[in-house]
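Peer 1: Fold the following, please.
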Amino acid sequence: MNYNELYTQSLSNSETFWKEQAHALEWFSRPTTIVSKNSNNYPVWFEDGELNICYLAIDKHIQDGFGDEIALIYDSPVTQTIKRYTFSEVKSEVAKLAGGLVSLGLTKGDTAVIYMPMIPQAAFAMLACARIGVTHSVVFGGFAPHELAIRIDDCKPKVILTASSGIEIERLIAYKPLVDEAIELANHKPQNVVILNRKLGAKIPFKKYDIDYDALVYGSEEVSCVPVASTHPLYILYTSGTTGKPKGIVRDTGGYATALKFSMQHIYGAQPGEVFWAASDVGWVVGHSYIVYGPLLNRNTTIVFEGKPIKTPDASTFWRIIAEHQVRVMFTAPTAIRAIKKEDPNGDFIKQYDLSCLKTQFLAGERCDVATLEWYNEHIPVPAIDHWWQTESGWPMIANMMGVEYLPVKPGSAGKAVTGYDIRIFGENGKELGPNEEGYVVIKLPLPPGTLMDLWNDSERFKAGYLTKFDGYYFSGDGGYKDDEGYIYITGRVDDVINVAGHRLSTAEMEEIVASHQAVAECAVVGANDDLKGQIPLAFVVTKAGIEMEHFLLEQEIVKLVREQIGAVASLRNVVIVQRLPKTRSGKILRKLIRSIADQTEFQIPSTIDDEAIIEEISNSLALYGYFKK
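Peer 2: Residues are numbered from 1 along each chain as shown. Model (predicted):
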């Protein structure tokens, strides 16, 4: 089938379509009810089926004779460590850790928090929880104690699994003191903290509730996989909310396993046995779906990478890993490519490696600008595929489905709707808009398998946030438009659309133009408050390494570019040069925070920020260029 045929089938007969995909998995009890509805009139997939995702990711491959194949490669340039694990070795570690958790009293239905750096044991902990039906919540290692405490109180874990430290480019971050402080702050008190001592020199204050990871694993017997219902919550993953309180996205087991298996083959075009690398973190949805569960379900070798795209040791790291481990399909955020481009604008490091193994480069996390896409394709002649999805969806909603049919890439577009997603563009009145008209990106219910099941202990917030704005549709919170060929363009969160003297303008479009300037490595455009026009765009730019240019000249040229391509209505007048942009740890630029700094309004420091010191840097840059006086 080509893309159009498969997509049409997925919408016209979705129950038969997803029944067929579910049969690609080995269920303990195969579902007979394919899709039903809950009290919110929201879809429930495969509710009478039973399975175990750890069994599908590990044990099944061993039973099929692939136990000696490499399941996981740990590559840590920050500790100068590379270690490979076979499926059999992963199973032994995971099954013993699961046995240890059982010995601590954990049973199906309990919850556990995993607070670890990017090390193999983070993935082992996730799989061990899944093995015994314990719902895990991975919290990004190094999160502040206050944020960790909020999550502890929300999901009430019986156990926290952690490590002695994370390691950044030039420093250790001791995790145990942060965990202890979080427990002090939290009302709910976990029974135990299981701690892996990495022996890197970090302080590990001992508490009565502490259990040594290695002692627990090696002192325990392996346990078998516990059958769980398809609707059993596999994990809770917290994402930022507009109220400041994080939202606990709940993922089911059966629908998720079905969708991931389907996506690995049909979207990413990954064949069993190939090496698949998602350069993300298990603290984010990409890490859950495409470092741990997706690749292992599809019998791909997955890479757990502890490092950065630059400075570990330099901008060659990604290319070294691709060549050394024979990566076939890679997935990273555009921000990582921009960081590499800034350090190595001529691609000199790329020329040092044989990248002929690489088949496809996927990009997601935020919109990929055309300049970054073109730079990548100039230096690496493989398809670079931007695609779009959310923590809520769990797997891609818009993509070029490389395992089905490669469609021509349109720079700026994330591709076409993925099978199962009936994506529409609505105006404020709830009416569908025509081609090239920008509005709200919504998806007609039912959503396909694998998407969010609910918010943890907060169904009312789930309904209010996603289901009530447009009856019968999931509200994505993003704006965008479709062209006349069905390609979808995501213009950003709906609050990234600014209103300049009554004109609705996309900051993403302006960023595209600013990024095209030869001196700009990375940029963000936000709508700053203006007494006359309501809002005016303000550009923040990071210049390329080795380029020296007077601020007034750069500002003049960028303003001219925007005026030429959008018009005087854009009203871009000010450009601020910064050393870096504030981002989440997954690489998303925090535009709302930048806007608050520029407007000198009160703001809450996001729990997801990569480095709080950058807030002062942005303020200093604004003051340096006299913006606060304007």
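
Peer 1: in which helix or strand would I find Ser619?
Peer 2: In this structure, Ser619 sits in helix 614-624 according to DSSP states H and E.

Peer 1: Please name every helix or strand in contact with that helix.
Peer 2: The elements that helix 614-624 packs onto, with contact taken as 3 or more CB pairs under 8 Å, 6 or more residues apart in numbering; DSSP states H and E, are strand 574-577, helix 591-599. All C-beta atoms are positioned from the backbone trio N, CA, C, and that covers glycine.

Peer 1: which parts of it are buried?
Peer 2: Ile614, Ile615, Glu617, Ile618, Ser621, Leu622 (16 or more other CB atoms under 10 Å).

Peer 1: Now do the same for Met453: its pLDDT.
Peer 2: Met453 carries a pLDDT value of 96.

Peer 1: Test my guess that it contacts Gly254.
Peer 2: No. Between Met453 and Gly254 there is no contact under CB atoms under 8 Å: 10.6 Å.

Peer 1: Mind listing the shared neighbours of the two?
Peer 2: Listed as contacting both Met453 and Gly254 by CB atoms under 8 Å, 6 or more residues apart in numbering are Thr231.

Peer 1: if you count what's nearby, which of the two comes out ahead?
Peer 2: Between Met453 and Gly254, counted using other CB atoms under 10 Å, the more crowded position is Gly254 (28 against 24).

Peer 1: For the more buried one, give me phi and psi.
Peer 2: Dihedral angles of Gly254 (phi, psi; degrees, to the nearest 10) stand at phi -70, psi -50.

Peer 1: I'd like the numbering to begin with 6 instead of 1 from here.
Peer 2: Sounds good: first residue 6 from here, last item Gly259.

Peer 1: Look up how far Phe211 lies from it.
Peer 2: According to CB to CB, to the nearest Å, Gly259 stands 41 Å off from Phe211.

Peer 1: Then Thr589?
Peer 2: To Phe211, Thr589 is 33 Å away according to CB to CB.

Peer 1: So between those two, which is more surrounded?
Peer 2: Between Thr589 and Phe211, counted using other CB under 10 Å, the more crowded position is Thr589 (21 against 9).

Peer 1: so that one touches Pro611, yeah?
Peer 2: Yes. Look at Thr589 against Pro611 with CB under 8 Å: they come within range, at 7.2 Å.

Peer 1: who touches both of the two?
Peer 2: By CB under 8 Å, 6+ apart, Thr589 and Pro611 have these common neighbours: Leu595.

Peer 1: Next, the buried residues of stretch 560-572.
Peer 2: Neighbour-count burial for stretch 560-572, with 16+ other CB under 10 Å as criterion, is recorded at Glu560, Ile563, Val564, Leu566, Val567, Arg568, Ile571.

Peer 1: Can you report how many residues neighbour Leu153?
Peer 2: By other CB under 10 Å, the residues close to Leu153 number 27.

Peer 1: Low-confidence ranges, the stretch 506-635 of the chain, go.
Peer 2: Applying pLDDT under 70 to the stretch 506-635 of the chain flags residues 506-509, 634-635.

Peer 1: which residues of it fall in helices?
Peer 2: Taking DSSP state H, counting those that start in this stretch as the test, the helices found in the stretch 506-635 of the chain are 512-520, 556-570, 596-604, 619-629.

Peer 1: how far is the second one from where the chain is centred?
Peer 2: The chain centroid and the centroid of helix 556-570 are separated by 33 Å, computed with CA atoms, centre = their mean, to the nearest Å.

Peer 1: helices or strands up against that helix?
Peer 2: With contacts taken as 3+ CB pairs under 8 Å, 6+ apart, helix 556-570 sits against helix 512-520, strand 539-548, strand 579-582.

Peer 1: The second one versus helix 596-604: what angle between them?
Peer 2: With axes from the mean of the first three to the mean of the last three CA atoms, to 10 degrees as the criterion, the two stretches strand 539-548 and helix 596-604 enclose an angle of 110 degrees.

Peer 1: got the buried residues for strand 539-548?
Peer 2: Using 16+ other CB under 10 Å as the test for burial, strand 539-548 gives Gln540, Ile541, Pro542, Leu543, Ala544, Phe545, Val546, Val547, Thr548.

Peer 1: give me every residue that touches the residue most central in space within the chain.
Peer 2: Nearest to the mean C-alpha position of the chain, counting by CA atoms, centre = their mean, stands Val291 at 3.8 Å. By CB under 8 Å, 6+ apart, Val291 lies in contact with Ala283, Ser285, Phe336, Ala369, Gly370, Ser591.

Peer 1: again, 7 Å this time
Peer 2: Neighbour list for Val291: Ala283, Ser285 [criterion: CB atoms under 7 Å, 6 or more residues apart in numbering].

Peer 1: From Ile594, how far off is Leu577?
Peer 2: Leu577 is 17 Å from Ile594, by CB to CB.

Peer 1: Ok, Leu77 next?
Peer 2: For Leu77, the distance to Ile594 - CB to CB - is 31 Å.

Peer 1: count of neighbours near the closest residue to Lys194 other than its chain neighbours?
Peer 2: Ranked by CB to CB, 6 or more residues apart in numbering and with sequence neighbours excluded, the top spatial neighbour of Lys194 is Ile188, at 6.3 Å. By the criterion of other CB under 10 Å, Ile188 has 19 neighbours.

Peer 1: Which other helices and strands does the lengthiest helix in the chain contact?
Peer 2: In the chain, with assignment by DSSP state H, the single longest helix is helix 92-108. The contact analysis (3 or more CB pairs under 7 Å, 6 or more residues apart in numbering; DSSP states H and E) places helix 92-108 against helix 65-68, strand 75-81, helix 125-136, helix 218-223.

Peer 1: residues touching Leu265, list them.
Peer 2: Taking CB under 7 Å, 6+ apart, one finds Ser294, Tyr298, Gly299, Leu302, Trp400, Gly455 in contact with Leu265.

Peer 1: Domain-wise, how is the protein divided?
Peer 2: As given by automatic domain parsing, the domain ranges for the chain are 8-312+392-485, 506-634.

Peer 1: now the end-to-end length of the longest one.
Peer 2: Spelled out, it's domain 8-312+392-485. End-to-end distance of domain 8-312+392-485 (CA to CA, to the nearest Å): 22 Å.
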